[in-house]
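Student: Could you work out the structure for the sequence below:
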Amino acid sequence: MLQTPVLLLVFNRPHLAMQVFEQIRLQQPAQLFIAADGPRPRKAGEHALCKQTREQLLAGIDWPCEVHTLFRPANMGCGKAVSAALDWFFHQVEEGIILEDDCLPDQTFFTFCEAMLHRYRHHETVMHINGSNFQAGAQRGEGSYYCSRFSHVWGWASWRRAWRQYDYSLRIYRDAPRKGLNARLRYELRAINHKTTDTWDVQWFMTVWFNQGWAITPNVCLIKNIGYGKDATHTRRVHRWFHKIVYGKISSITHPAKLAVDTAADRYSLQTLFPSNLLVISIKRIVKKNTLLYSLCKRITQIAVIIMICN
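Tutor: Residues are numbered from 1 along each chain as shown. Okay, the predicted model is just below:
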């Protein structure tokens, strides 16, 4: 039985939520927290999907555990729903593991997080434990993990002491130095400041960054994102780097001889995950917000692929 509390964040995708739940079920956590945002009023069929998701999850709990639920009656939106759920979670536990309904974990993800939570419990600089790795197979250091300045949220873990620094509005960090943030990350930061995006994870990324925090990062990816597609909120298009992810297990943990940020790894992440061509970024934002333009671009891409195959 897993002693570390687990928070599962769900919404309206029962088929995905149950896949993730089945991996949690194998661990039989002593404490399971489930948070669900409510249906959007003008979204046909969503009330039934939200209800189905919640009912199936509760019906699937067949081991003795302490169950906590936060089921919203109305929709709060991605940003507020998740951040408030994390507030709720860390108000009740000192440390824990967090999974969203589209983040399918390897079983060693849980044991890795539990070991790291214990080992770095009192290491104030370490604020986050990544479950994912986007280094395309590159081994960073000699250990099972390395340190990064970048906190990813496809399956992660943290402590109450770190989450206390979180500010959804980022107002408390308005005067924090921006050194080290490239044009893309500064663009994301402005979007939060101007309230033009509905998210919570950019704020957490920036919270860790502004506090000079470190993120423990496994040398293989322990999480597979299964949520890409038309039903997704933020992950409709599969990025090129997604196909280069190397998945694996960490059955036996080898600790690095020295704990320090791997600057080469972060440089690669910066170039790969956070490209800083602002013109391209701005165009993509406009296209994604316009359903007609988004559909047209998808069609053009499909035609281009067919032409390349035929040639």
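
Student: got the contact list for the residue nearest the centre of the chain?
Tutor: Centroid check for the chain by C-alpha atoms, centre = their mean gives V153 as the closest residue, at 2.1 Å. V153 makes contact with 98, 100, 201, 204, according to C-beta atoms under 8 Å, 6 or more residues apart in numbering. Any C-beta I mention is one placed from the backbone N, CA and C, and that applies to glycine too.

Student: Can you tell me which of those residues is nearest R240?
Tutor: When the contacts of V153 are compared for distance to R240 (C-beta to C-beta), D201 comes out closest, at 20.7 Å.

Student: Tell me which residues touch S144, please.
Tutor: So S144 contacts 112, 218-219, 250, 252-255 (C-beta under 8 Å, 6+ apart).

Student: circling back: the residue nearest to the centre of the chain in helix, strand or coil?
Tutor: Look at V153: counting by DSSP: H, G, I helix; E, B strand; the rest coil, its state is coil.

Student: likewise the one 5 residues further on?
Tutor: For S158, the secondary-structure state derived from three-state DSSP is strand.

Student: farthest-separated two in the contacts of V153?
Tutor: Longest span within the contacts of V153, C-beta to C-beta: E100 and W204, 12.8 Å.

Student: more crowded one of these two?
Tutor: When E100 and W204 are compared on other C-beta atoms under 10 Å, the one with more neighbours turns out to be W204, at 25 against 22.

Student: Going along the chain from whichever strand or helix holds that one, find the next helix or strand for me.
Tutor: Here W204 sits within helix 201-210, counting by DSSP states H and E. Downstream of helix 201-210, the first helix or strand assigned by DSSP H and E is strand 214-218.

Student: could you say what helices and strands that following strand packs with?
Tutor: When contacts are defined as 3 or more C-beta pairs under 8 Å, 6 or more residues apart in numbering; DSSP states H and E, strand 214-218 packs onto strand 126-130, strand 145-148.

Student: What pairs with that strand, parallel or antiparallel?
Tutor: Strand 214-218 sits in its sheet next to strand 126-130 (parallel), strand 145-148 (antiparallel), going by DSSP bridges.

Student: export those strands to TSV and tack on distance to L117?
Tutor: What follows is the strands paired with strand 214-218, written out as TSV (distance: least, C-beta to C-beta, whole Å):
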stretch	distance to L117
strand 126-130	7
strand 145-148	13
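
Student: between these, which gets nearest to H47?
Tutor: Of the strands paired with strand 214-218, nearest to H47 by C-beta to C-beta is strand 126-130, at 34.5 Å.

Student: Can you show me the CA trace of the closest one as CSV?
Tutor: Output of strand 126-130 as CSV, limited to C-alpha atoms (Å, rounded to 0.1, in the frame of the first residue of the first chain):
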residue,chain,number,x,y,z
VAL,A,126,14.0,21.4,-4.0
MET,A,127,10.4,22.4,-4.7
HIS,A,128,9.1,20.0,-7.3
ILE,A,129,9.5,16.4,-8.5
ASN,A,130,8.9,15.8,-12.2
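
Student: one step back: could you point out which of the helices and strands packed on strand 214-218 sits nearest F89?
Tutor: The nearest among these, by C-beta to C-beta, is strand 126-130 at 14.7 Å.

Student: chain center to the closest one, what's the gap?
Tutor: 12 Å (C-alpha atoms, centre = their mean, to the nearest Å).

Student: Where does the prediction get shaky in the stretch 151-300 of the chain?
Tutor: Along the stretch 151-300 of the chain, segments meeting pLDDT under 70 span 229-237, 278-291, 293-300.

Student: what about the helices in it?
Tutor: 160-163, 183-193, 201-210, 263-273, 278-289, 291-310 (DSSP state H, counting those that start in this stretch).

Student: buried ones in stretch 168-188?
Tutor: By neighbour count on 16 or more other C-beta atoms under 10 Å, the buried set for stretch 168-188 is 168, 170, 173, 181, 184-185, 187-188.
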